[in-house]
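**Student:** Coordinates for the following, if possible.
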Amino acid sequence: MTLFFCLFLPWTQNIKGDGNLTAFAPQSRTQAIPSFITGRIAKWHIVEGQNVEKGDTIVSLEEVKEKFLDPRLLERMSAQIKSKQSSMQSNMAKAQAYKSQIEVLHRASNFGYNKAQNKVIQTRQKVKIDSMDLEAVKFDNKVQKTQLDRTENLYQQGLKSLTETENKRSKYQESMAKVNSAQNKLASSLQELENALIELSSVRAEYQDKIYKATAEYDATISYVYTAEADISKMENELESYRLRSGFYHNLAPQSGFVSRATQAGLGDIVKEGEAVVNILPNERQMAVEVYVRPIDLPLIEVGEHVRLQFEGWPVIVFAGWPDASFGTFGGLIKVIDKVDTEGMYRVLITPDPKDKPWPSVLPMGSGAKAWALLNDVPIWYEIWRELNGFPANEVVKPAKIYKKKKKVKDKDKDEKAN
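**Tutor:** Numbers count the residues shown, from 1 in each chain. Sure thing, here's the model as predicted:
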């Protein structure tokens, strides 16, 4: 009979999850301190279990790569950069000289072309004058021919003397000589005009060839200058990388904490780039519990809900269905609920409840914990029946939801009265 009545006792439904103690902020969790470079362990400055402050040296490394073994590497690289800069400046001056030469060639080309053009104009004028002279002597020759023919006719008639006839013949021969001379002079002028035209057309080509050569030299020099600038930038980048690398020979603690474990041992061991050297647990951290819940229980919990926690190694008496009768449990608040499952379970982060008693400060990181979120109060028989059938727990109706339902009812009543 007593057992039958016990079936009607109230039971608080709950959702359970197992996990462990961790830190809420990522920077407060156990941190592996990696080596930024590949090197040989030269000296340890700490031991396991030691507290270190931010900036303390953990381990010193020695260089093992052949590229960085030169002790004067930075000095030599700086000298190479200065030499490259001097070469670049010299080529910049050379490029400026080519640029000035191109400008001079353009001016000389214009001057030479104008000069040749003026010579063509002068030669054409000379050809015109010589043509007019030729026409004049031809006309004079024609006159002399007419006078000679008339004089010879008169000489045949006995009206002119032989002397006068010979004089006319002499003058005619002189005019013929003048005609030949004028023709030769005109031919020479025409030849000069043709030469002047050829020279005019060759002036542009001659100077253009020189300009093209100077431009090609200028472009080649400028190209070298740009290449040198890129090389100098690359060398300066390498120099800065070498300087930064020299600061990585000593691994420093990024924050104050407790050296929990040295992942490397001994002296002379080779540590690869990115390989962990030690693990440090930060001193300042906000504790949290990381638990995993089933997908069927995930819709029943929300961020900000209160949960109860049980820590391994801490004296506790737990009655999940009667939380008021439990002893040694602690309160917590749900802060984070993962949206992606982890091997079929969903991770939930729980932080201490500020309104409840504080969590034990002696709890080690990683220790086990159990959590359960409290839901509805139901009879024990109902909870047994629900568990046997695998039904989900009843969700607690939040005050906000009740308020919304009441508001909808009031709005509906107002609408009915208005109608």
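
**Student:** Run the chain-centre distance for whichever helix or strand residue 119 is part of.
**Tutor:** Secondary structure from DSSP states H and E places residue 119 in helix 73-156. Mean-position distance between helix 73-156 and its chain equals 55 Å (C-alpha atoms, centre = their mean, to the nearest Å).

**Student:** cool, stretch 251-268 as well?
**Tutor:** Counting by C-alpha atoms, centre = their mean, stretch 251-268 is centred 35 Å from the centre of its parent chain.

**Student:** Next, give phi and psi for residue 32.
**Tutor:** With angles defined as degrees, to the nearest 10, residue 32 sits at phi -90, psi 120.

**Student:** What is the helix holding residue 119 packed up against?
**Tutor:** helix 162-246 (3 or more C-beta pairs under 8 Å, 6 or more residues apart in numbering; DSSP states H and E). Placement of C-beta: from N, CA and C, glycine included.

**Student:** Pull out the buried residues from stretch 142-152.
**Tutor:** For stretch 142-152, burial by neighbour count (16 or more other C-beta atoms under 10 Å) applies to 144, 148, 151.

**Student:** on that earlier part again, quick one: average confidence on the helix holding residue 119?
**Tutor:** In this model, helix 73-156 carries a mean pLDDT of 85.

**Student:** before we move on, the earlier item: export the buried residues of stretch 142-152 to CSV and append columns for distance to residue 273.
**Tutor:** Formatted as CSV, the buried residues of stretch 142-152 follow (distance: C-beta to C-beta, whole Å):
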residue, distance to residue 273
144, 113
148, 117
151, 123
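
**Student:** which one of the residues you listed sits closest to residue 227?
**Tutor:** Closest approach between the buried residues of stretch 142-152 and residue 227, by C-beta to C-beta: residue 144, at 81.4 Å.

**Student:** hang on, that closest one packs against residue 178?
**Tutor:** No. Counting by C-beta atoms under 8 Å, residue 144 stays clear of residue 178, with 9.6 Å between them.

**Student:** quick one: the helix holding residue 119 to helix 162-246, angle?
**Tutor:** If you take axes from the mean of the first three to the mean of the last three C-alpha atoms, to 10 degrees, helix 73-156 sits at 170 degrees to helix 162-246.

**Student:** Report pLDDT for the closest residue to residue 57 other than its chain neighbours.
**Tutor:** Nearest non-adjacent residue to residue 57, counting by C-beta to C-beta, 6 or more residues apart in numbering: residue 45, 4.5 Å away. Listed pLDDT for residue 45 reads 86.

**Student:** quick revisit: just give me the closest of the buried residues of stretch 142-152 to residue 90.
**Tutor:** Here the nearest of the buried residues of stretch 142-152 to residue 90, counting by C-beta to C-beta, is residue 144; it sits at 77.8 Å.

**Student:** Using the three-state scheme, assign the residue lying closest to residue 352 once chain neighbours are set aside.
**Tutor:** In space, and not counting its chain neighbours, residue 352 is closest to residue 359: 5.2 Å by C-beta to C-beta, 6+ apart. What DSSP: H, G, I helix; E, B strand; the rest coil gives for residue 359 is coil.

**Student:** re earlier: can you get me a residue count around the residue nearest to residue 57?
**Tutor:** Residue crowding around residue 45 was assessed by other C-beta atoms under 10 Å; the count is 15.

**Student:** what residue ranges in the protein score low on pLDDT?
**Tutor:** 1-14, 313-328, 374-419 (pLDDT under 70).

**Student:** any idea how it splits into domains?
**Tutor:** Following automatic domain parsing, one finds the domains of the chain at 2-26+285-418, 74-243.
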